[in-house]
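Asker: Sequence below, structure please.
(2 chains)
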Number of protein chains: 2
Amino acid sequence: MNEFDIIQHFCSFQTIKRSDVILGSGDDCAIITVPPTQQVAITMDTLIAGVHFPLNTSAYDIGYKSLAVNLSDLAAMGAEPAWVTFALTAPHIEKSWLEELACGFFNLATAYNVQLIGGDLTRGPLSITLQAQGLITKGKALTRSGAKVGDLIYVSGTLGDAALALEYLQKSINIKLSNREYLLTKLNRPQPQVNLAKKLQGIATAAIDISDGLAADLSHILEKSQVGAIVDIQQLPLSPALRESVSLEKAIYLALNGGDDYELCFTIPPSQKALLETILAEENTPAYCIGQVTHSMHLALEFNGTPYKGLIHGYQHF
Amino acid sequence: MNEFDIIQHFCSFQTIKRSDVILGSGDDCAIITVPPTQQVAITMDTLIAGVHFPLNTSAYDIGYKSLAVNLSDLAAMGAEPAWVTFALTAPHIEKSWLEELACGFFNLATAYNVQLIGGDLTRGPLSITLQAQGLITKGKALTRSGAKVGDLIYVSGTLGDAALALEYLQKSINIKLSNREYLLTKLNRPQPQVNLAKKLQGIATAAIDISDGLAADLSHILEKSQVGAIVDIQQLPLSPALRESVSLEKAIYLALNGGDDYELCFTIPPSQKALLETILAEENTPAYCIGQVTHSMHLALEFNGTPYKGLIHGYQHF
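Answerer: Residues are numbered from 1 along each chain as shown, chains lettered A, B, ... in the order given. Sure, this is the predicted structure:
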């Protein structure tokens, strides 16, 4: 297959056709139209083979995850996903690999009504850069900078599972068979919290997606909001699979520092707690209060009412 | 420098601050606002070291060119450049290299009032993926699909210079000293035809930027417009530097097939010729009529009134 055949074959897996896409792929640019009440949220993420996913990751999971991590960034702003561009660099492309990649990518795109509107295909070491764009009502974006002293801190889902799965794939830890599928799915097919996040508009004061570990990402909220926080380690949501696989200390370490969770961390005023609980029930999505915003200007961890000394580092990309 | 220091230092070179950027880099997404009369044009291009630029290219030129090729795609739609996101993958980053990269990138960004609103930084083999976005009045985009039988075909600037410079860098050809700087500048610092293109709205019936060679890119217009063309080889704009460096046959070959020109190829109805000439004079930008659109459904080349047999291939990315 030559370049144009590859692009055409990949795009043939697309089913979504949005009315706001005036011109999709196949020209020098795509052209989109934005409703006057809306703003555009834009995010970009690169996944490098061997860095952001193990070299033997299936093409389906690479396609899925490359979009999922970008949708997770849109979710962190409370945006409605809309369009995506896709730059694929690969040393060579086999048809069956391309088809798997397309299935993983477009299955998730279809689930969130996201249309692929362009991209680029180049020869080189395997990597994918995606830019995803979403719509958000003017002035309603959930930023990192709005957390207020006294706000409650929540995280969705469970933490540390993806980091544990990565350690398993890197053969530094064993996991019993009955927990493997759950944990590997958390690593390879994270569920971006798009639907929950949209309902947090007007309720949450700040939000971020947890991609580099809770401690690092919560710290971004604290820094941008010029506040501190106290987190109760005992409230960290740990999955049974995580608890069964490692010591409590290690589980806490992974929950605080492990990358690739793609869960939401957000803050709400205590007055919104009841409303949040209604939303969580409607969305059938768990989220847990893990602490509170303080004016201390740093992140304090407590366990049983005493300071917790566990190591915090967060994922360092460089 | 760690990841955040690198990003912060790179961004410190930015001078443009657009009022339509509600939130720039530093959150999960950027947020932009679009005037109700406008649509958004979106393009994405990846540059791989050793493929899209020689390994010893200066960081300044890498930064400049990565933006220039994307602005050239916006120009091909007649769009006004506005925002850009920048994904940098590098094996390691030295401060002086980063600063040169930033200077090349932001000097061009400043010239076109483009604001960097986000991106990603990852460790891996050197490559850059940019997504650039521009504004265009609703319904005014210059697409590839509007060429009509009888339209005149124009190209801006001169063709083949960048391909010749690349052959020189690859040591497959020698160039005399007095021509080197001109040719290397054409390769490393192409001028996106943004200003000319904006004035072609309502005049040009189709447009494309010439990145893969005139023959290949004009063929995209013909295919999308369901027409053919006749091109007079003797009208191809060849620079004195190109003519002095190689045989006429080789110069024509490079003009038809060489990549990296980033000039505009566009079609206009004959009735718009006088208006186009006024615009070209105002913009002080040369453009040359090289042929005419036909209903033959293929691209015919003529030299002195007889068919031209020169090889055509276009740049193959895969």
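Asker: Tell me if the lengthiest helix in chain A is near chain B.
Answerer: Ordering each helix of chain A by length in residues (DSSP state H) puts helix A:59-77 first. Yes. Using CB under 8 Å from any CB of the partner chain, helix A:59-77 reaches chain B at A:73-74, A:76-77. The C-beta positions use only the backbone N, C-alpha and C, and glycine is treated the same way.
Asker: Point out where the stretch 201-318 of chain A drops to low pLDDT.
Answerer: Scanning the stretch 201-318 of chain A for pLDDT under 70 picks out A:310-318.
Asker: where along it do the helices fall?
Answerer: Ranges of helices in the stretch 201-318 of chain A, per DSSP state H, counting those that start in this stretch, are A:214-225, A:240-245, A:248-257, A:273-283.
Asker: Could you dump these into CSV with mean neighbour count and distance to chain B added?
Answerer: Compiled in CSV, the helices of the stretch 201-318 of chain A are given as follows (neighbours: other CB atoms under 10 Å in any protein chain shown; distance: least, CB to the nearest CB, whole Å):
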stretch, mean neighbour count, distance to chain B
helix A:214-225, 22, 7
helix A:240-245, 18, 25
helix A:248-257, 20, 15
helix A:273-283, 14, 20
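Asker: Which among those is found nearest to B:Val114?
Answerer: Among the helices of the stretch 201-318 of chain A, helix A:214-225 comes nearest to B:Val114, with 24.9 Å by CB to CB.
Asker: tell me the angle of that closest one relative to helix A:248-257?
Answerer: 40 degrees (axes from the mean of the first three to the mean of the last three CA atoms, to 10 degrees).
Asker: how close does the closest residue in space to A:His295 that isn't next to it in sequence sit to chain B?
Answerer: For A:His295, ignoring the flanking residues on the chain, the nearest one in space by CB to CB, 6 or more residues apart in numbering or on different chains is A:Val149 at 4.7 Å. For A:Val149, the distance to chain B (CB to the nearest CB, to the nearest Å) stands at 21 Å.
Asker: neighbours around A:Val149, how many?
Answerer: 14 (other CB atoms under 10 Å in any protein chain shown).
Asker: hang on, it packs against A:Ser296?
Answerer: No. Judged on CB atoms under 8 Å, A:Val149 makes no contact with A:Ser296 at a distance of 9.3 Å.
Asker: ok so the residue nearest to A:His295 is a helix residue?
Answerer: No. Counting by DSSP: H, G, I helix; E, B strand; the rest coil, A:Val149 is not found in a helix; it is coil.
Asker: tell me the contacts of it?
Answerer: A:227, A:293-295 (CB atoms under 8 Å, 6 or more residues apart in numbering or on different chains).
Asker: who does the next helix or strand after the longest helix of chain A pair up with?
Answerer: Using DSSP states H and E, the next helix or strand after helix A:59-77 towards the C-terminus is strand A:80-90. Sheet partners assigned to strand A:80-90 using DSSP bridges are listed as strand A:115-123 (parallel), strand A:127-137 (antiparallel).
Asker: How far does the last one sit from its chain's centre?
Answerer: Same thing as strand A:127-137. From the chain centre to the centre of strand A:127-137 is a distance of 12 Å (CA atoms, centre = their mean, to the nearest Å).
Asker: How about the shortest one?
Answerer: Between the mean C-alpha location of strand A:115-123 and the chain-wide mean there is a distance of 21 Å, by CA atoms, centre = their mean.
Asker: quick one, that strand and helix A:59-77 angle?
Answerer: Using the same axes, to 10 degrees: strand A:115-123 against helix A:59-77 is 130 degrees.
Asker: Return the set of buried residues in strand A:115-123.
Answerer: Of the residues in strand A:115-123, A:115-123 count as buried by neighbour count, 16 or more other CB atoms under 10 Å in any protein chain shown.
Asker: Export the strands paired with strand A:80-90 to a markdown table and append columns for distance to A:Asp45.
Answerer: Output for those, formatted as a markdown table (distance: least, CB to CB, whole Å):
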| stretch | distance to A:Asp45 |
| --- | --- |
| strand A:115-123 | 14 |
| strand A:127-137 | 6 |
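Asker: Now render the ones you listed as TSV, adding distance to A:Arg243 and mean pLDDT.
Answerer: TSV is the format used below for the strands paired with strand A:80-90 (distance: least, CB to CB, whole Å; pLDDT from 0 to 100):
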stretch	distance to A:Arg243	mean pLDDT
strand A:115-123	39	95
strand A:127-137	33	96
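Asker: And for A:Ser271, the neighbour number?
Answerer: 10.
Asker: who are the neighbours in contact with it?
Answerer: Applying CB under 8 Å, 6+ apart, no residues contact A:Ser271.
Asker: what do you get for A:Leu67?
Answerer: Here A:Leu67 is in contact with A:84, A:105, A:108-109, A:114, A:130, A:132 (CB under 8 Å, 6+ apart).
Asker: could you redo the last one with a cut-off of 10 Å?
Answerer: Residues near A:Leu67 by CB atoms under 10 Å, 6 or more residues apart in numbering or on different chains: A:45, A:81, A:84, A:86, A:104-109, A:111-112, A:114, A:116, A:128, A:130, A:132, A:192.
Asker: Could you do A:Ala229 as well?
Answerer: A:147, A:149, A:151, A:153, A:218-219, A:221-222, A:267, A:290-294, A:296-301.
Asker: one more time with 8 Å
Answerer: Here A:Ala229 is in contact with A:153, A:218, A:222, A:291-294, A:296, A:299-300 (CB under 8 Å, 6+ apart).
Asker: if I look at it, how far off is B:Gly26?
Answerer: For A:Ala229, the distance to B:Gly26 (CB to CB, to the nearest Å) stands at 19 Å.
Asker: Check the gap between the closest residue to A:His298 other than its chain neighbours and A:Leu152 for me.
Answerer: Excluding the flanking residues, the one nearest A:His298 by CB to CB, 6+ apart is A:Gly228, at 4.9 Å. To A:Leu152, A:Gly228 is 14 Å away according to CB to CB.
Asker: cool, A:His92 as well?
Answerer: In terms of CB to CB, A:His92 sits 51 Å off from A:Leu152.
Asker: of those two, who's got more company?
Answerer: Per other CB under 10 Å, whichever of A:His92 and A:Leu152 has more neighbours is A:Leu152, with 19 against 8.
Asker: Let me know how buried the closest residue to that one other than its chain neighbours is, in neighbour terms.
Answerer: Spatial nearest neighbour of A:Leu152, chain neighbours left out: A:Cys289 (5.1 Å); criterion: CB to CB, 6+ apart. Residues near A:Cys289, counting by other CB under 10 Å, number 15.
Asker: Okay, and the beta partners of A:Cys289?
Answerer: A:Cys289 has these beta-bridge partners by DSSP bridges: A:Tyr154.
Asker: residue contacts, it?
Answerer: Per CB under 8 Å, 6+ apart, neighbours of A:Cys289: A:152-154, A:235, A:273.
Asker: if we go to 7 Å?
Answerer: When contacts are counted by CB atoms under 7 Å, 6 or more residues apart in numbering or on different chains, A:Cys289 touches A:152-154, A:235.
Asker: what's the answer for A:Lys199, then?
Answerer: A:279, A:283.
Asker: rerun that using 10 Å as the cut-off
Answerer: Going by CB under 10 Å, 6+ apart, A:Lys199 touches A:78, A:275-276, A:278-280, A:282-283, A:285.
Asker: one step back: is it correct that the residue nearest to A:His298 is in contact with A:Ala300?
Answerer: Yes. With contact defined as CB atoms under 10 Å, A:Gly228 reaches A:Ala300; the gap is 6.9 Å.
Asker: Could I get the phi/psi values of the residue nearest to A:Glu283 when sequence neighbours are not counted?
Answerer: In this structure, A:Glu283 finds its nearest non-sequential neighbour in A:Leu196, 5.2 Å apart by CB to CB, 6+ apart. Main-chain dihedrals, A:Leu196, degrees, to the nearest 10: phi -60, psi -50.
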